[in-house]
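[1] sharing a sequence plus its predicted fold:
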Amino acid sequence: MTVKLLIESSKKGNTGIHLPLKSNFPKTDLHQTFPNEWVRETIGLPNVSEPEVVRHFTNLASLNYGVDSGFYPLGSCTMKYNPKINEKLANLEGFTKTHPLQPDFTVQGNLYLMMHFEQLLAEITGMDAFTLLPAAGAHGELTGMMIVKAYFQNKGEAEKRTKILIPESAHGTNPASAASVGFEIVEVKSTNCGGVDVAHLKEVMNDQVAAIMLTNPNTAGVFETDILEVAEIMHQNGSLLYYDGANLNALLGQVRPGDMGFDIVHLNLHKTFSTPHGGGGPGSAPVGVKEYLREYLPVPVIRERNHQITSETDQFNSIGMIRLAGSNFQVIVKAYLYILTMGSDGLKKASSIAVLNANYIKEKLSPFIPAGVPCICMHECVLSAKDFAPYGVQAKDISKRLIDYGFHPPTNYFPLIIPEALMIEPTETESKETMDHFIDAMKKIVQEAKENPSLLLEAPHYTPISRPDEVKAAKDLNVTY
Ligand SMILES: *Cc1c(COP(=O)(O)O)cnc(C)c1O
């Protein structure tokens, strides 16, 4: 199906609206008021009827694929189902018809919700204080790195502590965030399970190291068993540990980053706490710290004083404002509702099933596509398609063929330490039947790869666009039609 642009369907005289034939406004000659080149004779809107517009957008919407259309095993992104009741409640007028700059006494309910939510996150993560301001994981990392910098500035060590350690398996946003704050990145080698190579960590350790950024489970989906030793090495050196919480879905209710020795964490509400993301909505990434870093949190901070909840900007030592006004409040409301409806037992069950589901897929598929690391996985598993090279087939070809079978592909080529990586994260919200359909499709594709690889190389076959030129799209981007 090729989709025409509305402007291509335009036919002079067609219209979806009726304007009064006679205008009450006096006619003005724009050419007399403005230079000629500023005056447009037409604004170039398509001439189309109402049904044409409705059909155009309805058909476009049906081309989209989301977690509401089917299985979406995009590793590291935690595309779990977003309960609709949370959407409905977050749309109550008391939440939607308030403004971030309204006086505090008029929004006590919203402020209470945020304050309580901060306390719940502190309990879940083992941290002492939270800010709800950052709008995405990467923004949380940036905030965390600014806190690291402010902490060492305050100690008079900013000149010396210039380095951030990052494992070679890390998500790309980690080094980008640290570099944005002016830190120098030092790579730490990974073990064959994607973990921190402790021997190498000791080698690169010195008094210039400000912090290490880690995610646990690591990006290969494996629990970092040496984390307590890593924390000890860092703290003995006066350095901090930053936790990239994007993988918290594996640990909810089981263990807490605060207890592992992390000093600063960010959480991705849009991953772990079931709020829509990707095309479905904005993100939110609260940042939590241990007590001794509380004073550096960005402003405004939410406090309770004399039975009034206030949102205050007068925090000495704060890194300041990291965005204009408020947080992504509706995202917070949905995540808050998710935590309250799940309860502590529910959250623990969610992470247990998330891990079980990922291991189920790994066990079923690894005889056909070998696992990328020889270790038990947590909430996601990484397979390596490197054995398909003799057929001219790469990881991306398997993914493109999956689209023909009606599934969203897994994450490809991440983490970088695993060749031809296919990273699969089913999440806890998928049934065994759904996973079995996916596993069957993958097995069929493996068979096709050996018998008829062109089926994969030319896939997807049923989408409006099959294979865009990715290099050209990146290097020679042209977003005008
Ligand atoms: C998703 C993710 C991030 C970044 O989060 P955004 O909200 O996309 O900015 C960082 N680290 C890891 C491991 C992630 O999976």
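    Ah, there it is.
[2] and for the closest residue to the ligand within the stretch 251-400 of the chain, the neighbour number?
    Here the stretch 251-400 of the chain gets closest to the ligand at one residue, Gly283, 4.6 Å apart by Cβ to the nearest ligand atom. From N, CA and C alone the C-beta is placed, and that goes for glycine too. Counted by other Cβ atoms under 10 Å, the residues lying close to Gly283 total 21.
[3] ok, it touching Leu132?
    No. Applying Cβ atoms under 8 Å as the test, Gly283 and Leu132 come out as separate, 12.0 Å apart.
[4] regarding Glu187, what is its secondary structure?
    strand (DSSP: H, G, I helix; E, B strand; the rest coil).
[5] enumerate every residue touching the closest residue to it other than its chain neighbours.
    Distances taken as Cβ to Cβ, 6 or more residues apart in numbering place Glu168 nearest to Glu187, at 5.1 Å, with adjacent residues excluded. Glu168 makes contact with 187-190, 416-417, according to Cβ atoms under 8 Å, 6 or more residues apart in numbering.
[6] got it, and Pro46?
    5-7, 9-10.
[7] quick one, which of those are buried?
    Ser9 (16 or more other Cβ atoms under 10 Å).
[8] including pLDDT, could the contacts of Pro46 go into a markdown table?
    Below are the contacts of Pro46 laid out as a markdown table (pLDDT from 0 to 100):
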| residue | pLDDT |
| --- | --- |
| Leu5 | 89 |
| Leu6 | 92 |
| Ile7 | 91 |
| Ser9 | 91 |
| Ser10 | 93 |
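[9] among the contacts of Pro46, which lie within strands?
    The members of these all map outside strands under DSSP state E.
[10] so of the contacts of Pro46, which ones are in helices?
    Using DSSP state H, the members of the contacts of Pro46 that fall in helices are 6-7, 9.
[11] Leu120 touches Tyr336, doesn't it?
    Yes. With contact defined as Cβ under 8 Å, Leu120 counts as touching Tyr336 (7.4 Å).
[12] and the two? which has more neighbours close in?
    Tyr336 (23 against 15).
[13] just confirm that one is within a strand.
    No. Secondary structure of Tyr336 (three-state DSSP): helix, not part of a strand.
[14] pLDDT at it, what is it?
    Tyr336 carries a pLDDT value of 98.
[15] neighbours of Pro370, how many?
    By other Cβ under 10 Å, neighbour count at Pro370 equals 13.
[16] beta partners of the closest residue to it other than its chain neighbours?
    Counting by Cβ to Cβ, 6+ apart, Ser384 is the residue found nearest to Pro370 once chain neighbours are left out, at 5.8 Å. Beta bridges link Ser384 to Ala421, judged by DSSP bridges.
[17] neighbours around Ser384, how many?
    Neighbours of Ser384 using other Cβ under 10 Å come to 18.
[18] next up, the contacts around it.
    Contacts for Ser384 were tallied using Cβ under 8 Å, 6+ apart; they are 369-372, 395, 418-422.
[19] quick check, distance from stretch 283-299 to the centre of its chain.
    19 Å (Cα atoms, centre = their mean, to the nearest Å).
[20] distance between the ends of stretch 121-131?
    In stretch 121-131, first residue to last residue: 10 Å (Cα to Cα, to the nearest Å).
[21] do you know how far the residue in the chain that the ligand sits nearest to is from Ala176?
    Nearest residue of the chain to the ligand (Cβ to the nearest ligand atom) works out as Gly137 at 2.1 Å. Gly137 is 11 Å from Ala176, where distance means Cβ to Cβ, to the nearest Å.
[22] ok, these two, which is more surrounded?
    Between Gly137 and Ala176, counting by other Cβ under 10 Å, Gly137 is the more crowded of the two (25 against 13).
[23] that one against Gly283, yeah?
    Yes. Between Gly137 and Gly283 there is a contact under Cβ under 8 Å: 6.9 Å.
[24] list residues touching both of those two?
    Joint contacts of Gly137 and Gly283 (Cβ under 8 Å, 6+ apart) are Asn268.
[25] mind listing the strands for the protein?
    Remark: strands assigned in the chain by DSSP E are 129-131, 163-167, 184-188, 209-214, 240-245, 264-267, 287-289, 301-305, 308-312, 381-384, 411-412, 421-424.
[26] is it possible to get a markdown table of these that adds distance to Ile465 and mean pLDDT?
    Formatted as a markdown table, the strands of the chain follow (distance: least, Cβ to Cβ, whole Å; pLDDT from 0 to 100):
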| stretch | distance to Ile465 | mean pLDDT |
| --- | --- | --- |
| strand 129-131 | 41 | 98 |
| strand 163-167 | 35 | 97 |
| strand 184-188 | 36 | 98 |
| strand 209-214 | 36 | 98 |
| strand 240-245 | 33 | 98 |
| strand 264-267 | 35 | 98 |
| strand 287-289 | 38 | 98 |
| strand 301-305 | 46 | 94 |
| strand 308-312 | 46 | 95 |
| strand 381-384 | 26 | 98 |
| strand 411-412 | 18 | 97 |
| strand 421-424 | 22 | 98 |
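[27] distance to Leu201 added to those, as JSON lines?
    Below are the strands of the chain laid out as JSON lines (distance: least, Cβ to Cβ, whole Å):
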{"stretch": "strand 129-131", "distance to Leu201": "28"}
{"stretch": "strand 163-167", "distance to Leu201": "7"}
{"stretch": "strand 184-188", "distance to Leu201": "5"}
{"stretch": "strand 209-214", "distance to Leu201": "8"}
{"stretch": "strand 240-245", "distance to Leu201": "12"}
{"stretch": "strand 264-267", "distance to Leu201": "18"}
{"stretch": "strand 287-289", "distance to Leu201": "23"}
{"stretch": "strand 301-305", "distance to Leu201": "34"}
{"stretch": "strand 308-312", "distance to Leu201": "39"}
{"stretch": "strand 381-384", "distance to Leu201": "22"}
{"stretch": "strand 411-412", "distance to Leu201": "26"}
{"stretch": "strand 421-424", "distance to Leu201": "24"}
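[28] tabulate these in JSON lines, adding columns for distance to the ligand.
    Compiled in JSON lines, those are given as follows (distance: least, Cβ to the nearest ligand atom, whole Å):
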{"stretch": "strand 129-131", "distance to the ligand": "16"}
{"stretch": "strand 163-167", "distance to the ligand": "11"}
{"stretch": "strand 184-188", "distance to the ligand": "15"}
{"stretch": "strand 209-214", "distance to the ligand": "9"}
{"stretch": "strand 240-245", "distance to the ligand": "5"}
{"stretch": "strand 264-267", "distance to the ligand": "8"}
{"stretch": "strand 287-289", "distance to the ligand": "12"}
{"stretch": "strand 301-305", "distance to the ligand": "22"}
{"stretch": "strand 308-312", "distance to the ligand": "24"}
{"stretch": "strand 381-384", "distance to the ligand": "13"}
{"stretch": "strand 411-412", "distance to the ligand": "9"}
{"stretch": "strand 421-424", "distance to the ligand": "10"}
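[29] where does the stretch 51-200 of the chain come near the ligand, residue by residue?
    By Cβ under 6 Å from any ligand atom, the part of the stretch 51-200 of the chain that sits against the ligand consists of 76, 136-138, 171, 173.
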